[in-house]
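J.: quick one, structure for this:
(chains A and B)
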Amino acid sequence: MIEAIRDAMDVSMARDERVIVYGEDVGFFGGVFRCTQGLQAKYGKNRCFDAPISESGIVGSAIGMAAYGLRPCVEVQFADYVYPAYDQIVSEAARLRYRSNNDFTCPIVVRMPTGGGIFGGQTHSQSPEALFTHVSGLKTVVPSNPHDAKGLLIAAIEDPDPVIFLEPKRLYNGPFDGHHDNPVTPWSKHELGEVADGHYTIPLGKAAIRRQGSAVTVLAYGTMVYVAQAAAAETGIDAEIIDLRTLLPLDLDTIVASVKKTGRCVVVHEATLTSGFGAELAALVQENCFYHLEAPVARVAGWDTPYPHAQEWEYFPGPARVGRALVETMEA
Amino acid sequence: MADAGMLRFHVPEPEVRPGGTPDFSNVTIPKAGSVPRPEVDVDPRTIRDMAFSIIRVLNRAGEAVGPWAGLLTDEELLEGLRHMMTLRTFDTRMQMAQRQGKTSFYMQHLGEEAVSCAFRKALEPGDMNFPTYRQAGLLIADGYPMVAMMNQIYSNEADPLKGRQLPIMYSSKEHGFFSISGNLATQYIQAVGWAMASAISNDSRIAAAWIGDGSTAESDFHAALVFASTYKAPVVLNVVNNQWAISTFQGIARGGSGTFAARGLGFGIPSLRVDGNDYLAVHAVAKWAIDRARRNLGPTLVEYVTYRVGAHSSSDDPSAYRPKAESDAWPLGDPIIRLKNHLIHKEVWTEQRHIQAEAEILEMVIAAQKEAESHGTLHAGGKPSTRDMFEGVYAETPPHLRRQRQQAGV
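T.: Numbers count the residues shown, from 1 in each chain, chains lettered A, B, ... in the order given. This is a model prediction of the structure:
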């Protein structure tokens, strides 16, 4: 998936000289996860460069560049580090078009690795997507595989509005299903690991059905797509698994059609439960599908604690917890 | 180790509080014309003392003196006087309109008119300001239509911002005036980003960042200085030190550094202080800093030493925290009176013509106000539609907002 993300930036930089890539360790070294490796050598220091350790500076300067007419795609090294830039994202990037009545716009992408599963403790594991979906004016994207990551990132770079692009870091090297004791399956052995050359986009706001099913709808994104697949396989429940891909704008039509068909819904995310994006999903499902529901909408999420270090796998909502929710929802 | 005693907590206090006698004897005012004017490509290390002085051109006799004088023609100075007078009259009328309930909020420039009016005239078309809420002179001195400013203040049906933004938070890309946020200091680093983009694009346009003394305490100010210094961004970093951040005197943000200009020194940025109530000095220093930016010499930090004569905003009453007569004691005087006296001294202006100009300007502002009010005020007459509220959140309205707009019945 790292190569796919790099390829998306490479393709975008080749097609549009307004695309500028920068962030901490992003230039000469190519990023701590290597997502920008080779871009400085290929496009020069004017297009890809190292930034000081200042997230508000990185995002704030990107907003100014976008107002000028460039299309910056900046990296925040970990989603856990985005908070110094939160004011710039919420008060500035998200509202610039609105408050200036289209006089100034802010086509920026803020990329950041999200989620846990790498023993990163509380400062390298968080999933802050709900902090962005709550803000009007932003779009929030979470890809789950290399093919989507490339198409969605190109679409995000070409989008006329600010996009938060959360990359599940546990998926960088393969489709992780929560069975942390098993060896990692590389993307080369997965059908969605195949990434087409050149330019293509996946529209923001379109979900993908990863597993057709009739018994229960699972709403998931990022790493949880594979955890849900494992849970369905292990419980033998014929779940329909929807990979949301974009949280905002949300593909409500796909969700509603599926829940109306199955009559049951389980929402899964790695982020903490309370006021998480799952709360929004559960509310939308009951608003739109109440008379089709045969069971309460269930949520499986990270516990409402900071992300722990030693207890990573007790915290992580793995296949066993998701499977239990599937069984309970079927029995309800 | 010797016994140092108990630790003591230190909270700075202004010299005087309400009831006291205003005292600016601690503010050292150098003689007009006494600060040298270096070449723009000077080694910044050799002019560090300029961060602790004050560049002044107009002396007490109304003469323009010293190496920073002589850049503007009589016509340009007369135009500058007219801009400042227009801004002051505009402020008076809009402040009154706020008191009459025609809008919710207003912020005036009283005493600080020279800063934005003179700075604008040093810029070229295409340059971009990232202003705070007290630089409307940038628009007035660039010929932005006053009626449009008023329409914005009234949030009426002709408001260019469709009623979405607080009064006086103007936006005009055409006039090099970036949308004012209302949050503080965020625009400072954005200005640096804009300037970086101009350099990346091998353009010739430069950016100007604006901030007040109080907001220099925000981390975005420091991020901006790091980025500007690191990438040698073509930007002028303006700090308007008007002594007061609402009720907080400038010593709370300044701490032990002596001056705000001194903040730039640690970043290797040439940092100048200028008499912010001296139209000629502001213009000359702005020109110097803008020339540096345009000649690829990087950022300059400029501290404008001025005084906020009025309240912070229409919601503020300064008599609660500073002596009422403090502004009369301010040693740098009034920018309009000083430029007026200079022009009278040069025999290109008279008291009588000044009074006449005041009347003409008032008439012009009242005419603009009448036109603006024909489009409505905040609570009466034409106003932006509810549909306008739902538009412009994104380039294309997403499904969830379309549903909400339908729910709202528009």
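J.: now for the residue in the stretch 201-332 of chain A that chain B sits nearest to, how many residues are close by?
T.: For the stretch 201-332 of chain A, the residue positioned closest to chain B under C-beta to the nearest C-beta is residue A:249, at a distance of 3.8 Å. Any C-beta I mention is one placed from the backbone N, CA and C, and that applies to glycine too. By other C-beta atoms under 10 Å in any protein chain shown, 19 other residues sit near residue A:249.
J.: just the buried residues of the helix or strand containing residue A:258, please?
T.: For residue A:258, the enclosing helix or strand under DSSP states H and E is helix A:252-262. Under the neighbour-count criterion of 16 or more other C-beta atoms under 10 Å in any protein chain shown, helix A:252-262 has A:252, A:254, A:255, A:256, A:257, A:258, A:259, A:262 buried.
J.: any chance of these in a markdown table, plus distance to residue B:313 and pLDDT?
T.: Below are the buried residues of helix A:252-262 laid out as a markdown table (distance: C-beta to C-beta, whole Å; pLDDT from 0 to 100):
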| residue | distance to residue B:313 | pLDDT |
| --- | --- | --- |
| A:252 | 42 | 98 |
| A:254 | 48 | 98 |
| A:255 | 46 | 98 |
| A:256 | 47 | 98 |
| A:257 | 52 | 98 |
| A:258 | 52 | 98 |
| A:259 | 50 | 98 |
| A:262 | 56 | 98 |
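J.: those residues also near chain B: which ones?
T.: For chain B, the contacts drawn from these by C-beta under 8 Å from any C-beta of the partner chain are residue A:252.
J.: tell me the two of the buried residues of helix A:252-262 that are most distant?
T.: Taking C-beta to C-beta as the measure, the buried residues of helix A:252-262 span a maximum distance of 15.8 Å, between A:252 and A:262.
J.: burial of the residue of chain A found nearest chain B, as a residue count?
T.: Residue of chain A nearest chain B, by C-beta to the nearest C-beta: residue A:64 (2.6 Å). Neighbourhood size, residue A:64 [other C-beta under 10 Å]: 35.
J.: please, which helix or strand holds it?
T.: Assigned by DSSP H and E, residue A:64 belongs to helix A:55-68.
J.: who are the packing partners of the very next helix or strand once past that helix?
T.: Next helix or strand after helix A:55-68 toward the C-terminus (DSSP H and E): strand A:71-75. On a contact count with 3 or more C-beta pairs under 8 Å, 6 or more residues apart in numbering or on different chains; DSSP states H and E, strand A:71-75 meets helix A:2-15, strand A:19-23, helix A:55-68, strand A:109-114, helix A:146-158.
J.: what's the residue most central in space within chain A sitting at in phi/psi?
T.: The centroid of chain A falls nearest to residue A:142 when counting by C-alpha atoms, centre = their mean (1.6 Å). Residue A:142 has phi and psi values of phi -140, psi 100 when expressed as degrees, to the nearest 10.
J.: could you pull up the residues touching residue 83?
T.: In the absence of a named chain, chain A is used. residue A:55 (C-beta atoms under 8 Å, 6 or more residues apart in numbering or on different chains).
J.: that's the other chain; I wanted chain B
T.: B:113, B:117, B:137, B:140, B:141.
J.: and residue 290, how many neighbours?
T.: In the absence of a named chain, chain A is used. Applying other C-beta under 10 Å, I find that residue A:290 has 10 neighbouring residues.
J.: not quite, go with chain B.
T.: 22.
J.: now it: closest residue in space that isn't a chain neighbour?
T.: Nearest residue to residue B:290, sequence neighbours excluded (C-beta to C-beta, 6 or more residues apart in numbering or on different chains): residue B:122, at 5.3 Å.
J.: re the thing from before, dump the helices and strands packed on strand A:71-75 into JSON lines; add mean pLDDT as well.
T.: Formatted as JSON lines, those follow (pLDDT from 0 to 100):
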{"stretch": "helix A:2-15", "mean pLDDT": "98"}
{"stretch": "strand A:19-23", "mean pLDDT": "98"}
{"stretch": "helix A:55-68", "mean pLDDT": "98"}
{"stretch": "strand A:109-114", "mean pLDDT": "98"}
{"stretch": "helix A:146-158", "mean pLDDT": "98"}
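J.: mind pulling the model confidence for the residue nearest to the centre of chain A?
T.: Listed pLDDT for residue A:142 reads 98.
J.: right, and it touches residue A:245 too?
T.: Yes - counting by C-beta atoms under 8 Å, residue A:245 is a contact partner of residue A:142 at 7.0 Å.
J.: okay, now the nearest residue to residue A:313 once chain neighbours are set aside: neighbour count?
T.: Excluding the flanking residues, the one nearest residue A:313 by C-beta to C-beta, 6+ apart is residue A:180, at 5.8 Å. Neighbourhood size, residue A:180 [other C-beta under 10 Å]: 14.
J.: picking up where we left off before, what's the overlap in contacts for residue A:142 and residue A:245?
T.: residue A:221.
J.: contact partners for residue B:79?
T.: residue B:121.
J.: got the phi and psi for residue A:190?
T.: Per-residue torsions, residue A:190: phi -120, psi 140 (degrees, to the nearest 10).
J.: so it makes contact with residue A:174?
T.: Yes - between residue A:190 and residue A:174 there is a contact under C-beta under 8 Å: 7.3 Å.
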